[in-house]
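Chemist: what follows is a predicted protein model with its sequence.
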Amino acid sequence: MYRTEVAATVILAVVFAGLAGGATAEPVDGASARRALFSPRGAEVEVLDRGFLSTQDKAILNEVGVQLLYYGAVAVSPDEGILANATIAAADHHSTEAAEIAALAACNAARNGATACEIVALIRPRGWSEGAVLQLGQSATQDFRSNYRRGRGPKALAISPATGQWAIVKGDAAETDALRECNLRAAEKGATDCNVAVRD
């Protein structure tokens, strides 16, 4: 029905960098991250009230949206509807805001209609609420729970807000190495905006 765009383009990275203004949150420790993160066991969908969506469109968005990785967003070209090639789902980002930027950019690049794309659905973790000190995409959350907590000594998790990429590294140079590895992964998707989100 619609395409999933996890990767961000160079244009996305530029847009995201402009919005971020260079400000990043201070890293948290592993215990704080563990308390803040939501379960990686599923997502919930919020279908937004858009006049061009039919009841059937909303049902489809709900059905397919729960299969996407959080944090995500679905963008649609209003002139073409949800079954068009321009319908894009950006998934597995570290916030819905980042997913919205990715989905809108990809949708607007693909649309044939005159009207700009709009976000029609948001994908968040089950039980999501505002105010968490840290948000990670579903895959990164699973990796944190499985791998970050193991072992002693210095460790760091770096994330790319624009692309949803991340890296977990342990050792004396954990922060530097996590940033380098994360930026290498993010560069494949058009950005080098990683920052350290968790460190011990």
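Modeler: Cool, got the structure.
Chemist: mind listing the helices for this protein?
Modeler: 10-20, 30-36, 55-65, 96-110, 138-143, 174-187 (DSSP state H).
Chemist: from the contact counts, what lies against the fifth one?
Modeler: It stands for helix 138-143. strand 166-170 (3 or more Cβ pairs under 8 Å, 6 or more residues apart in numbering; DSSP states H and E). All C-beta spots, glycine's among them, are computed from the backbone N, C-alpha and C.
Chemist: for stretch 165-179, the distance to its chain's centre please.
Modeler: How far stretch 165-179 lies from its chain's middle: 20 Å, per Cα atoms, centre = their mean, to the nearest Å.
Chemist: sorry, wrong one. I was asking about stretch 192-200.
Modeler: That offset, for stretch 192-200, works out to 15 Å (Cα atoms, centre = their mean).
Chemist: swap in stretch 182-191?
Modeler: On Cα atoms, centre = their mean, the centre of stretch 182-191 falls 14 Å from the chain's centre.
Chemist: now swap in stretch 32-43 and tell me
Modeler: 14 Å.
Chemist: what are the buried residues along that stretch?
Modeler: A33, L37, F38, P40, A43 (16 or more other Cβ atoms under 10 Å).
Chemist: okay, it in CSV with CA atoms only?
Modeler: Extracted in CSV, the C-alpha atoms of stretch 32-43 (Å, rounded to 0.1, in the frame of the first residue of the first chain):
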residue,chain,number,x,y,z
SER,A,32,18.0,6.9,33.8
ALA,A,33,17.7,5.7,30.2
ARG,A,34,16.2,2.3,31.3
ARG,A,35,13.5,4.1,33.4
ALA,A,36,12.7,6.5,30.6
LEU,A,37,12.4,4.2,27.6
PHE,A,38,9.2,2.5,26.6
SER,A,39,8.8,-1.2,25.9
PRO,A,40,10.1,-2.3,22.5
ARG,A,41,7.2,-4.8,22.2
GLY,A,42,4.9,-2.9,20.0
ALA,A,43,3.5,0.4,18.8
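Chemist: for that stretch, what is the average pLDDT?
Modeler: For stretch 32-43, the mean per-residue pLDDT is 93.
Chemist: got the contact list for that stretch?
Modeler: Defining contact as Cβ atoms under 8 Å, 6 or more residues apart in numbering, one finds that stretch 32-43 is touched by 28, 65-66, 68-70, 72, 123-128, 132-136, 138-139, 141-142, 144-145, 148-149, 157, 197-198.
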